[in-house]
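S.K.: Could you work out the structure for the sequence below:
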Amino acid sequence: MIIYFFLFLFTSQIGADEAFSQSLDGYLQIAADNNPSLKARYQQYLSALERVPQLGALPDPQLTFGYFVSPVETRVGPQRARFSVQQMLPWFGTLDARRDAATREAQLRFEEFVQARNTLYFNIKQVYFRLNNIQQDMVLTQENIEIMESYERLATQKYENDLASMVDILRVQMQLRNERNKQLTLRKNLAAQQVVFNKLLNRAEDAEVVLPVEFSEKLIVADTASLRSQMLSENPALQILQAEAELLEEREKLAGLSSKPNLGVGLDYVIVGQRNDMEMPDNGQDVIMPMVSLSIPLFNGRKYEAARREVQIQREGNVAATEARENELISELSQATRDYEVALSQVRLFEEQIEATQQAISILNSAYESTSKNFEDVLEFQQKLLQYQMSLNEVVTQLQIARAKIEELTAVEIMDFDE
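M.R.: Purely as a prediction, here's the structure:
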């Protein structure tokens, strides 16, 4: 199935689609640099990276020194002091397994960072589109106020020439009060949304948010099967579960290696004094003694077996969680594409309604100017036109939010699927 994404992308007067992209991309970059929650996630990833060399290193060697208060007499002389150095060696492959497990954990933290970043980007886009919606409504409301003021002047002129009644003036004045109150409400909503937007970027609440003033249309074609495939392979939530599965696999290896003995290699050096009571070969010669040790996990069999079973159970849970998350994501993608299609059909409906209403208004204006009749119909259709235009703004915003949701789910710009 092919979905046609008929996007209304807001553009500035000087840069069209490019200006829109630069504006939104610029805000996303600011958020990536400044958002404290995102910073915290990234620091967790960097911290996890530092564990890789730690867990992949050998334990520190042990150096001991002993002094014989009462020298031990031997055939070649009295023992005065002893130096010992020992290095413990984990079982073959243990260090690599620890290093791999630490690497997988760092990857898990990175995928968590990516998911947090994508969620943040979606939230920013959603508020940005809402801000655009409010701004467009403010522009339409101001235009409608100016039209109503022209109607008021026309009705007043006709009333002064006994061509209309006072009721016409009162009607248009009532509409003007409603529009001015609506404009005030929109300003307050815009200010509130700007606070939300700036806080996502970790900026001052009153920081200026530059918004485009127009929007243009762009047709994008996307294959829903490709979107689903992309989502199942790239969605950060699934990437987190995949990284967790790889981490659990390494931990299972470690659980098996933990039941293996540790090896130790060392060297003893004994300082021996000379015998003065007789002459003999090797008199006073120091002693060098290589050593090998082995730790035997004799009494912890149940402990190591329980550790392996624990990881196996976690891996089974990971498989179930992955299946459940895939089902949820498929449902979310289906809902997002459905929302897009519904909004798209509404866009076409409101475009047709706007065109028909504008034709009706043109006819009614001509009639009122010539006969002073049907002024109530003129005002009613003018309000219908405003409602349709604001409804069009709303469904365009829904289109953009649905697109942003699909991008969040698939972890890719829909533009990449152009055909």
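S.K.: where in the stretch 1-150 of the chain is pLDDT low?
M.R.: For the stretch 1-150 of the chain, the stretches with pLDDT under 70 are 1-22.
S.K.: Give me the secondary structure label for Val209.
M.R.: Here Val209 is recorded as coil under DSSP: H, G, I helix; E, B strand; the rest coil.
S.K.: For it, give its distance to Leu364.
M.R.: Distance of Val209 to Leu364, computed by Cβ to Cβ, to the nearest Å: 39 Å. C-beta: built from backbone N, CA, C; applies to glycine.
S.K.: Kindly report the same for Gln126.
M.R.: According to Cβ to Cβ, Gln126 stands 39 Å off from Leu364.
S.K.: again, but for Ala204
M.R.: Between Ala204 and Leu364 the distance is 48 Å, computed by Cβ to Cβ.
S.K.: more neighbours, the two?
M.R.: Just comparing Ala204 and Leu364: by other Cβ atoms under 10 Å the higher neighbour count belongs to Leu364, 20 against 10.
S.K.: That one touches Asn374, doesn't it?
M.R.: Yes: assessed by Cβ atoms under 8 Å, Leu364 is found in contact with Asn374 at 5.7 Å.
S.K.: Check the offset of the helix or strand where Ile271 lies from the chain's centre.
M.R.: For Ile271, the host element (DSSP states H and E) is strand 263-272. Offset of strand 263-272 from its chain centre (Cα atoms, centre = their mean, to the nearest Å): 56 Å.
S.K.: which outside residues touch it?
M.R.: Strand 263-272 is contacted from outside by 62, 74, 76-91, 284-295, using Cβ atoms under 8 Å, 6 or more residues apart in numbering.
S.K.: Go through these and flag which are in helices.
M.R.: Per DSSP state H, helices hold no members of the contacts of strand 263-272.
S.K.: just the buried members of these?
M.R.: The neighbour-count test (16 or more other Cβ atoms under 10 Å) marks Val76, Gly77, Pro78, Gln79, Arg82, Ser84, Gln86, Met88, Pro90, Trp91, Asp286 as buried among the contacts of strand 263-272.
S.K.: list the contacts for the fourth one?
M.R.: Contact partners of Gln79, counting by Cβ under 8 Å, 6+ apart, are Phe68, Pro71, Val72, Glu73, Val270, Ile271, Val272, Gly273, Val287.
S.K.: What of the first one?
M.R.: Counting by Cβ under 8 Å, 6+ apart, Val76 touches Val272, Arg275, Met280, Asp282, Asn283, Gly284, Gln285.
S.K.: and if we set it to 10 Å?
M.R.: Residues near Val76 by Cβ atoms under 10 Å, 6 or more residues apart in numbering: Val272, Gly273, Gln274, Arg275, Met280, Pro281, Asp282, Asn283, Gly284, Gln285, Asp286, Val287.
S.K.: Lys260 too?
M.R.: Counted by Cβ under 10 Å, 6+ apart, Lys260 has contacts Pro90, Trp91, Phe92, Gly93, Thr94, Ser295, Pro297, Tyr304.
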